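**Q** one predicted model, sequence on top.
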Amino acid sequence: MFRDLIAQTPLPGPWNGTINLNPPPGSGFQNLTDLDPSRLVQAAIQLILVLAAIIFFFMLVWGGIRWITSGGDKGQTEGAKSQITAAIVGLVIVFATWAIIQLIQIFFDVQILGELRLLPQ
């Protein structure tokens, strides 16, 4: 009964039965209207790969600094070695992931990463 009452109540103002979700002109959000889930996934994968590579690179550098400043202490040197090893393994995993995604793109003719390339052509 209550639902029928609400459904029959006219809305105030001019309303033609459609809802316009487009941003108003000049608001700076016009580029958001052509987003699709595949482009968002591409951007997320690219961001994750780039951030992972940067993080592992800085881990490698920090491990090198720790090793240099260890002063011959066996415990600190072993800690620095393990950090460098972990950073190298992480970098290998990131680049292997990138290579696997490139192979998937080539063999299945899909765009996962868009135009992300390691070296400019």
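**A** Cool, got the structure. Keep in mind that what you see is a predicted model, and the values were worked out from it rather than measured. Numbering: from 1, shown residues only.
**Q** in the protein, which residue is closest to the centre?
**A** In the chain, the residue lying closest to the centroid (C-alpha atoms, centre = their mean) is residue 44, at 2.5 Å.
**Q** distance of residue 87 from residue 93?
**A** Distance, residue 87 to residue 93, by C-beta to C-beta, to the nearest Å: 11 Å. No exception for glycine: its C-beta is placed from N, CA and C like everyone else's.
**Q** same deal with residue 68?
**A** 26 Å.
**Q** looking at these two now, which is surrounded by more residues?
**A** For residue 68 versus residue 93, neighbours defined as other C-beta atoms under 10 Å are more numerous around residue 93 (12 against 9).
**Q** packing partners of the helix or strand containing the more buried one?
**A** Secondary structure from DSSP states H and E places residue 93 in helix 74-108. Secondary-structure packing of helix 74-108 (3 or more C-beta pairs under 8 Å, 6 or more residues apart in numbering; DSSP states H and E): helix 37-68.
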